[in-house]
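1. here are the coordinates; sequence isn't available:
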């Protein structure tokens, strides 16, 4: 059977809808009952980040040397970002919060998400989890990733000011929030931008994903470093060679699309 221009290899249902896995030209993709891909994996190279927006979420590496401690991931999907972090950062400890238990099963069975002692998966609503942990996990995480979309858009529980305030409390003083936003939802995007700007004192950069509707926001906590553009350019070239990810493109786009906030973080 064929669907979304590819061969349907799995279809199941849970209380939140349809879960489908489709293969096309050696690429396996996760769908939630609609054409947009929630996650994709090249079968011949499962650790390579296939989707452009997920590669853009690695833009944090321009500003941090490595991940040697704890990170929190809200929204597991097929586990592409989680696998990337486990593969390249052996000292990291990851906690991933996923609302749908059936999605975790598919990430294990069809997308190679490993059983790894460095990874703890929690079945919960991501927004609720973050807001409940503002005391017990305050200033605990160096990185907090948010990619919580379903077939209808961003999960309601994370699309509010209280959630982003809670995220800031969970981050270490030099921590970063990396969030996938949908820029074509203009009113929602503008509202979230205002929340993030106020909460993170406009230490905030937006990275539009080329030829896509996604925009990746990078929000920096209070004690983040001040960066040199010259050093960042050299680092982008080194990162591109190391990870085969287009970091120089990311840096150029950050420079182009953040005229009002760039100088809060980067000197020429």
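-> Sure thing, it's come through. Since this is a predicted model, take the numbers as computed values, not measurements.
2. so where's the stretch 151-268 of the chain uncertain?
-> Low-confidence segments of the stretch 151-268 of the chain, defined by pLDDT under 70: 151-152, 184-185.
3. quick one: the strands in it?
-> 153-154, 171-182, 204-208, 214-220, 227-228, 266-267 (DSSP state E, counting those that start in this stretch).
4. which other helices and strands contact the fifth one?
-> For strand 227-228, the elements it packs on are strand 266-267, judged by 3 or more Cβ pairs under 8 Å, 6 or more residues apart in numbering; DSSP states H and E. From N, CA and C alone the C-beta is placed, and that goes for glycine too.
5. do the same with the first one
-> Other helices and strands packing on strand 153-154, by 3+ Cβ pairs under 8 Å, 6+ apart, are strand 171-182.
6. only the buried residues of the strand it packs on, if you could.
-> Buried residues in strand 171-182, counting neighbours by 16 or more other Cβ atoms under 10 Å, are found at 171, 172, 175, 176, 177, 178, 179, 180, 181, 182.
7. of all those, which two lie farthest apart?
-> Greatest spatial distance among those (Cβ to Cβ): 172 and 182, at 27.7 Å.
8. hmm, back to that, redo the strands of the stretch 151-268 of the chain as JSON lines? Include distance to residue 91.
-> Compiled in JSON lines, the strands of the stretch 151-268 of the chain are given as follows (distance: least, Cβ to Cβ, whole Å):
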{"stretch": "strand 153-154", "distance to residue 91": "31"}
{"stretch": "strand 171-182", "distance to residue 91": "15"}
{"stretch": "strand 204-208", "distance to residue 91": "26"}
{"stretch": "strand 214-220", "distance to residue 91": "22"}
{"stretch": "strand 227-228", "distance to residue 91": "23"}
{"stretch": "strand 266-267", "distance to residue 91": "27"}
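9. who wins for proximity to residue 39 among those strands?
-> Using Cβ to Cβ, those put strand 171-182 closest to residue 39, at 11.9 Å.
10. distance between that closest one and the chain's centre?
-> Chain-centre distance of strand 171-182: 9 Å, with Cα atoms, centre = their mean, to the nearest Å.
11. ok, now stretch 168-185?
-> With Cα atoms, centre = their mean, you get 9 Å for stretch 168-185.
12. hey, where'd the strands end up in the stretch 1-150 of the chain?
-> Taking DSSP E, counting those that start in this stretch as the criterion, the stretch 1-150 of the chain carries its strands at 2-3, 6-14, 17-24, 27-31, 39-42, 70-74, 93-98, 119-123, 141-146, 149-150.
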